[in-house]
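Predicted model and sequence below, questions to follow.
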Amino acid sequence: MTPVLSAPSGTGKSTLLTRLFASHPETFGFSISHTTRQPRSGETPGVEYHFVTPETFESMIAREAFIEYTRFSGNYYGTSIDAVKAVAERGRVCVLDIEMEGVKQVKRTGLGAKFVFLKPPSLEVLRSRLEGRGTETEESLSKRLETARVELEFAEVPGVHDKVIVNNDLDKAYEELEGYILSVIS
Ligand SMILES: Nc1ncnc2c1ncn2[C@@H]1O[C@H](COP(=O)(O)OP(=O)(O)OP(=O)(O)O)[C@@H](O)[C@H]1O
């Protein structure tokens, strides 16, 4: 059973998953995604992401190396089959951290998955979190907010997600996420 966590960018997936993995270091493992975006300061190739060129990424698409991939804000992001296998080979549960298009693709693969959607309290709060993180330009901020609107609409479709958690109070959201994920993997 693979837990899949999705959310609009900036909702708090990385924050919550970092906490989940730190609390249960023996249980979980991140699959390392591929991306064509530039590393941000403090990011190490092969740790947060495998940073690759668009040419390399497209050759991986052609040989069907990805479980899911998306083009977002002008860059590709994808989860390779090998990256997920690498986690299982270490005896860990792989939690997939992906966005809406990835959710649709994983649904099509027939991979045994439980879909958890993390929801921002509102689009206004999401905007201020993205601004507070200090990683966005005005242009990338409005792109992310527009994408978020579409993702929130998709999340309303009945049956798409097995669990919806609103990330308002971080500690409460964490407890809900931890409780749910531990229950589906045991
Ligand atoms: N419950 C919360 N209350 C207030 N701030 C929060 C909360 N959860 C996360 N944040 C803050 O919101 C910002 C975005 O969180 P984070 O980087 O974890 O989002 P993300 O969903 O992983 O985004 P991306 O998909 O773009 O990587 C961070 O600065 C984080 O500290």
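In hand now; what should we look at?

and the chain, which residues reach the ligand?
Contact residues (Cβ under 6 Å from any ligand atom) of the chain with the ligand: 7, 9-15, 129, 132-133, 167, 170, 173. All C-beta atoms are positioned from the backbone trio N, CA, C, and that covers glycine.

which among those residues end up buried?
Neighbour counting over the residues of the chain next to the ligand (16 or more other Cβ atoms under 10 Å) leaves 7, 9-15, 129, 167, 173 as the buried ones.

tell me which strands and helices the helix or strand where residue 177 lies is in contact with?
Using DSSP states H and E, residue 177 sits in helix 170-185. Contact partners of helix 170-185 among helices and strands, from 3 or more Cβ pairs under 8 Å, 6 or more residues apart in numbering; DSSP states H and E: strand 2-6, helix 13-23, strand 113-119, strand 163-166.

Can I get the residues of the chain next to the ligand in a markdown table including pLDDT?
Shown next, in a markdown table, are the residues of the chain next to the ligand (pLDDT from 0 to 100):
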| residue | pLDDT |
| --- | --- |
| 7 | 96 |
| 9 | 89 |
| 10 | 91 |
| 11 | 95 |
| 12 | 95 |
| 13 | 95 |
| 14 | 92 |
| 15 | 95 |
| 129 | 93 |
| 132 | 95 |
| 133 | 91 |
| 167 | 98 |
| 170 | 98 |
| 173 | 98 |
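
Closest one of those to residue 21?
residue 14 (10.4 Å; Cβ to Cβ).

residues in contact with the closest one?
By Cβ atoms under 8 Å, 6 or more residues apart in numbering, residue 14 lies in contact with residue 97.

Tell me the spacing between it and residue 150.
21 Å (Cβ to Cβ, to the nearest Å).

Residue 1 too?
28 Å.

Also residue 118?
Per Cβ to Cβ, residue 118 is found 16 Å from residue 150.

Flag the shaky bits of this protein, pLDDT-wise.
Flagging of the chain using pLDDT under 70 yields an empty set of residue ranges.

Okay, helices next: where are they in it?
Per DSSP state H, the chain carries helices over the ranges 13-23, 54-62, 81-89, 100-109, 123-133, 138-155, 170-185.

do you know which of those helices lies nearest residue 40?
Nearest of the helices of the chain (Cβ to Cβ): helix 123-133, 10.2 Å.

Tell me the buried residues in the closest one?
126-127, 129-130.
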